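**Student:** predicted model and sequence below, questions to follow.
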Amino acid sequence: MRCCQLTYKRGIYHINKHKYLAQQSQRRNGPERDRLLKQERKNGKARRKAAHSQHLAYERQARAKLRREAFEHYGQECACCGEKEDAFLSIDHINGGGNKHRKQVGSGTRFYKWLKNHNWPGGYRTLCLNCNWGSHRYGICPHAATPLRA
């Protein structure tokens, strides 16, 4: 049986077929076409990389906006020590249970989305990370002599 002008033999045919097709492709398209296709693939990668970078920047801005909205509602400073630096602030569950809630809802942006979707429910406050950790670990904030939890 003849196929692609080569004798069909199992194994040999497949090797020779690809070699034959590559030769035919070069005859039809030439090296110039190959160079243009390679350049187009490279340009496509650059476009996808740029689009991905723009998408990441948009997502970063959206997360920051959502976080700002949460702090605008619950307070823009620590309820205990008055810390105002945004990087140090977090949302605290007043009556505890944050670990269980985080497992149900998720942490980070998912938590902020949950707060927003539930119309900023009560039972939360803004604390700096030190006060939040101190109230979790010891039951009182390091800045206060009285317990924070009610």
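**Tutor:** Thanks, I have it. Fair warning: this is a prediction, and the values are worked out from it, not measured in the lab.
**Student:** would you list every one of the helices in the protein?
**Tutor:** Remark: helices assigned in the chain by DSSP state H are 12-74, 98-105, 109-117, 129-138.
**Student:** just those helices: most buried one?
**Tutor:** Across these, the average number of neighbours (mean count of other CB atoms under 10 Å) peaks for helix 129-138, which reaches a mean of 17. Placement of C-beta: from N, CA and C, glycine included.
**Student:** now that helix and helix 98-105, what's the angle there?
**Tutor:** Calculated by axes from the mean of the first three to the mean of the last three CA atoms, to 10 degrees, helix 129-138 forms an angle of 110 degrees with helix 98-105.
**Student:** next one: helix 129-138 to chain centre, how far?
**Tutor:** 27 Å (CA atoms, centre = their mean, to the nearest Å).
**Student:** what is the neighbour count of residue 143?
**Tutor:** Other residues near residue 143 come to 15 when the count uses other CB atoms under 10 Å.
**Student:** contacting residues for it?
**Tutor:** Shown in contact with residue 143 (CB atoms under 8 Å, 6 or more residues apart in numbering): 80-81, 130-131, 134.
**Student:** how about a cut-off of 10 Å?
**Tutor:** Neighbouring residues of residue 143 by CB atoms under 10 Å, 6 or more residues apart in numbering: 78, 80-83, 128, 130-131, 134.
**Student:** now stretch 83-90: average pLDDT?
**Tutor:** Confidence for stretch 83-90, expressed as mean pLDDT, is 90.
**Student:** now do that stretch: distance to the chain's middle.
**Tutor:** On CA atoms, centre = their mean, the centre of stretch 83-90 falls 22 Å from that of its chain.
**Student:** what about it, how long is it end to end?
**Tutor:** Chord length of stretch 83-90, first to last residue, is 11 Å (CA to CA, to the nearest Å).
**Student:** residue numbering should commence at 438 henceforth.
**Tutor:** Sure, I'll start numbering at 438, so the last one becomes stretch 520-527.
**Student:** what's it in contact with?
**Tutor:** By CB under 10 Å, 6+ apart, stretch 520-527 touches 501, 504-505, 507-508, 511-515, 518, 535, 548, 562-570, 580.
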